[in-house]
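Q: Output the structure for:
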Amino acid sequence: MNVRHRAGIVMATAIGAAVLAGCGGSSDAGVPANTLDDGVYTGQSETESDGTYGVVTFTVEAGTVTDASFIVHDADGTPHDENYGLGNDGKPADEAFYQRAQNAIEAEKHYVTQFEEAGDQSRVESIAGASLSHRLFRSAVSNAALDDGR
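A: Residues are numbered from 1 along each chain as shown. Alright, predicted model coming up:
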């Protein structure tokens, strides 16, 4: 094996390791929510390039996360809820979009359930098709904990 070939392999291995490290999720999820002082916390995620953001509210009581809620919003503030993707007539304008949106909203509800059970946002696992919501959720919880979001 010549030196140029070996250098290419080393470079490819280093790039591959960097890419895979980026796929593992953020290690800066903040302090676990269940270690916060008792109280009600609210946090907003970082805003995505399209203006989408998430807002979380949760209560910590004696090391337990309770009463958690999470809503994703469009840049104009439109909440992603059971009506998201419906036209003025109450019917989906685009059935495929509506179904994807509703699947993501169901996943967001699951994130809240996992969060209440685990008490630690870093233990909330991503669901296929709702990775954006997962990122927004963890960012919002970390913001609430970091800013002592009360």
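
Q: In this protein, where is pLDDT below threshold?
A: The chain contains residues with pLDDT under 70 at 1-29, 147-150.

Q: do that again at 50, thanks
A: 2-28 (pLDDT under 50).

Q: all helices of it, in order?
A: 3-23, 95-118, 131-146 (DSSP state H).

Q: Please save the CA atoms from the longest one in PDB.
A: Okay, so that is helix 95-118. Provided in PDB are the C-alpha atoms of helix 95-118 (Å, rounded to 0.1, in the frame of the first residue of the first chain):
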ATOM      1  CA  GLU A  95     -53.700  14.300   2.500                       C
ATOM      2  CA  ALA A  96     -50.000  13.200   2.600                       C
ATOM      3  CA  PHE A  97     -48.900  16.300   4.400                       C
ATOM      4  CA  TYR A  98     -51.700  16.100   6.800                       C
ATOM      5  CA  GLN A  99     -50.900  12.500   7.700                       C
ATOM      6  CA  ARG A 100     -47.200  13.200   8.200                       C
ATOM      7  CA  ALA A 101     -48.100  16.200  10.400                       C
ATOM      8  CA  GLN A 102     -50.500  14.200  12.500                       C
ATOM      9  CA  ASN A 103     -47.900  11.400  12.900                       C
ATOM     10  CA  ALA A 104     -45.400  13.900  14.100                       C
ATOM     11  CA  ILE A 105     -47.900  15.300  16.600                       C
ATOM     12  CA  GLU A 106     -48.500  11.800  17.900                       C
ATOM     13  CA  ALA A 107     -44.800  11.400  18.300                       C
ATOM     14  CA  GLU A 108     -44.600  14.700  20.200                       C
ATOM     15  CA  LYS A 109     -47.200  13.300  22.700                       C
ATOM     16  CA  HIS A 110     -45.100  10.200  23.100                       C
ATOM     17  CA  TYR A 111     -42.000  12.500  23.800                       C
ATOM     18  CA  VAL A 112     -44.000  14.100  26.600                       C
ATOM     19  CA  THR A 113     -45.000  10.700  28.000                       C
ATOM     20  CA  GLN A 114     -41.400   9.400  27.900                       C
ATOM     21  CA  PHE A 115     -40.200  12.700  29.600                       C
ATOM     22  CA  GLU A 116     -42.700  12.300  32.400                       C
ATOM     23  CA  GLU A 117     -41.700   8.700  32.900                       C
ATOM     24  CA  ALA A 118     -37.900   9.300  32.800                       C
END
